[in-house]
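J.: next comes the sequence, and after it the predicted model I'd like to discuss.
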Amino acid sequence: MRARKHAHDSTKQTSNPTRPIRRITFRTMNRFKTTAVSAPTKMPRLITRIAVAVTAIVAFGLASGSDSTAIAQTPSVEILNHSAVSKLPDGIEFSANVVGDVEEVTARFSIIGRRATQYDYLEFGEPAIYSTAAPANGNLFYRTDTLARYLPPGVTMEYRIEVLDSSGTLHESEPTQMVLTDSRFEWDTVSDGGVTVYFHGPVTTRATSLLNASLETIDNMAPVLGIEPEGAPITVTMYNNIAEMTDATADRSGAISRELITEGQAFSPENTVLVQGGSNRATGTMSHELTHVLLSRAVSGARSSVPVWLNEGLAEYGNIDPGVSYDTYLEWGIDTNRILPLTSLGTFPGDPDLVIVSYGLGRSVARFMVEDFGPGKMAALLAEFNSSRRFDESMIKVYGVDRRGMDELWREFVGALPLSDEVVIIAPTSAPMPTFIPYTLDNLGAAPTSTPGPQAKATPEPTDAPEVEASDAPEHEDESGGGGCFAAPGAPIEGGMAFLIVAVGSAAAIRTVRGKITHL
């Protein structure tokens, strides 16, 4: 902008010819106004110099304004539009249209509940100055079909588009959040109390049943765990059969894939649950997995350090539709003295039969700690452990005993043999995952065929014991068992990558099952 010059009218005179009228131009609120100033008859030389200096400063400011106008005319960056489309389980598709001085275009995103932020570059062509008539069209397909990049359906993503210009200035879009759904299906939802269930097909009643199971679980377990019923939104994706569910879960080892069927999977930090809704135990699976999410909130600072017997025990304690198989296996373990010490159950053993026993043990001990020590004890333990990160010290502070002491009290309560005075540490096996023996028509009614060897003073590898007579095995009831999670030896349990073992009871079910049915 330039100031208008005001010419002095020499024809106008005042009554006093020695007092000429001077006009000075000032800039006020982007406008220029002219103010009359009367000079004294004899203006001091200093004041004259000041007036000249002010005039020079104003003139310099006007010239600078003209330069700024010229700079502003340089093409600036503008993100016309952008989008992200879920293509799970294969990936995410990002796109953006940008004009101006474009050097590179980036999609930066994070999953709510995770600390890491990820990014990748959009392909748009060569760096150049792009116009509105021919904007830079950037595209990126970010693959998620590998184990390292796996994203479960139902997570919430926050993303933004970043554009770098040739001067090194970064231009960003506003952050946008969206739920990443499985792109293979058209989804409907039912929601209540902060829980949203995604489903597809004519199964609204089944989805509503899972929603009600979730709300009941929250009401039951929130006071036990010492958390508020209201929390971050929880997303549940319900699949209609095993085939749909399998394609949506992360890849696992060959042994697991052959012997286990995924019925449910919890991703606790992301507040996301996957459920196979076609199972007759879907509500039990739902409540079990949701309890993992709730427990994660209670111990958010130490979730990976929670002993597996407590993690799975509380999840089964929160199961609103439990079966009897775990209780049956636990009774068999007590009668045959195959109950491992709690101090050895930081992770579950590799023997599949002892895994089921350990789930029953965890549920029984959790129930004992919640119901026999008074209200608030479990919540106090979790709060103390979340703060101190030291489990035995937290046990002593809240319950007055450590894990071994609680183990002795529980064994006396259920009538199990007391702990040995010897301290036994069961070393992990060298194999990454155990080999599971599937139940078949020939061995489903028989006793477990693999058990750890006798306890020793050293730390040997567990060995196979002589085969147990069939009469010692737990008898299967005409009811399928409730759920629990199983993870690979040595892997921490977070209520996520784990498998729920469901023992099959009825003869009709036996004829159709070739492996242990599980949920994560």
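T.: Sure thing, it's come through.
J.: show me what contacts residue 224?
T.: 314, 317-318, 370, 378-379 (CB atoms under 8 Å, 6 or more residues apart in numbering). C-beta here means a position set from N, CA and C on the backbone, and glycine is covered the same way.
J.: right, and the helix or strand after the helix or strand where it lies?
T.: Assigned by DSSP states H and E, residue 224 falls within helix 204-225. Remark: after helix 204-225, the chain's next helix or strand is strand 234-239, criterion DSSP H and E.
J.: so what's the residue count around residue 120?
T.: Using other CB atoms under 10 Å, residue 120 has 14 neighbouring residues.
J.: residue 146 now?
T.: Residue 146 - counted by other CB under 10 Å - has 10 other residues nearby.
J.: distance of it relative to residue 168?
T.: To residue 168, residue 146 is 33 Å away according to CB to CB, to the nearest Å.
J.: report the buried residues of the helix holding residue 224.
T.: By neighbour count on 16 or more other CB atoms under 10 Å, the buried set for helix 204-225 is 206-207, 209-218, 220-222, 224-225.
J.: so the helix or strand harbouring residue 295 versus strand 234-239, what angle?
T.: Using DSSP H and E, residue 295 maps to helix 282-298. Orientation check (axes from the mean of the first three to the mean of the last three CA atoms, to 10 degrees): helix 282-298 against strand 234-239 gives 150 degrees.
J.: contacting residues around residue 314?
T.: 221, 224-225, 291, 295, 362, 366, 378.
J.: could you find the closest non-adjacent residue to residue 389?
T.: residue 302 (5.2 Å; CB to CB, 6 or more residues apart in numbering).
J.: cool, residue 180 as well?
T.: residue 86 (4.3 Å).
J.: okay, and the beta partners of that neighbour?
T.: Bridge pairing for residue 86 (DSSP bridges) gives the partners residue 92.
J.: next, count neighbours for it.
T.: Considering only other CB under 10 Å, residue 86 is surrounded by 20 other residues.
J.: that one is in contact with residue 92, isn't it?
T.: Yes - with contact defined as CB atoms under 8 Å, residue 86 reaches residue 92; the gap is 6.1 Å.
J.: overlap of the contact sets of those two?
T.: Going by CB under 8 Å, 6+ apart, residues that sit against residue 86 and also against residue 92 are residue 180.
J.: low pLDDT regions in the stretch 251-400 of the chain?
T.: Applying pLDDT under 70 to the stretch 251-400 of the chain picks out residues 251-261.
J.: give me that answer again for 80
T.: 251-262 (pLDDT under 80).
J.: same question for the chain.
T.: Short version for the chain, where the test is pLDDT under 80: 1-75, 250-262, 421-520.
J.: domain assignment for it?
T.: For the chain, the structural domains run 1-61, 78-179, 188-518, going by automatic domain parsing.
J.: now do the helices in this structure.
T.: Secondary structure of the chain, counting by DSSP state H: helices at 45-72, 204-225, 242-248, 254-259, 282-298, 308-317, 325-335, 352-371, 377-388, 391-399, 403-414, 507-510.
J.: could you dump those helices to JSON lines with distance to residue 185?
T.: Putting the helices of the chain into JSON lines (distance: least, CB to CB, whole Å) gives the following:
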{"stretch": "helix 45-72", "distance to residue 185": "50"}
{"stretch": "helix 204-225", "distance to residue 185": "13"}
{"stretch": "helix 242-248", "distance to residue 185": "8"}
{"stretch": "helix 254-259", "distance to residue 185": "23"}
{"stretch": "helix 282-298", "distance to residue 185": "17"}
{"stretch": "helix 308-317", "distance to residue 185": "28"}
{"stretch": "helix 325-335", "distance to residue 185": "32"}
{"stretch": "helix 352-371", "distance to residue 185": "32"}
{"stretch": "helix 377-388", "distance to residue 185": "37"}
{"stretch": "helix 391-399", "distance to residue 185": "42"}
{"stretch": "helix 403-414", "distance to residue 185": "45"}
{"stretch": "helix 507-510", "distance to residue 185": "28"}
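J.: for residue 150, which of those is the nearest?
T.: helix 242-248 (10.0 Å; CB to CB).
J.: and the closest one, what does it pack onto?
T.: With contacts taken as 3 or more CB pairs under 8 Å, 6 or more residues apart in numbering; DSSP states H and E, helix 242-248 sits against strand 234-239, strand 260-262, strand 272-276.
J.: could you check the angle helix 204-225 makes with the first one?
T.: Right, the one you point to is strand 234-239. 140 degrees.
J.: quick one: contacts of strand 234-239?
T.: 152-156, 179, 181-182, 194-199, 203, 206-207, 210-211, 214, 245, 248, 271-278, 282, 286, 290, 293.
J.: please indicate which of those are buried?
T.: Taking 16+ other CB under 10 Å as the criterion, what is buried in the contacts of strand 234-239 is 152-156, 179, 181-182, 195-199, 203, 206-207, 210-211, 214, 245, 248, 271-278, 282, 286, 290, 293.
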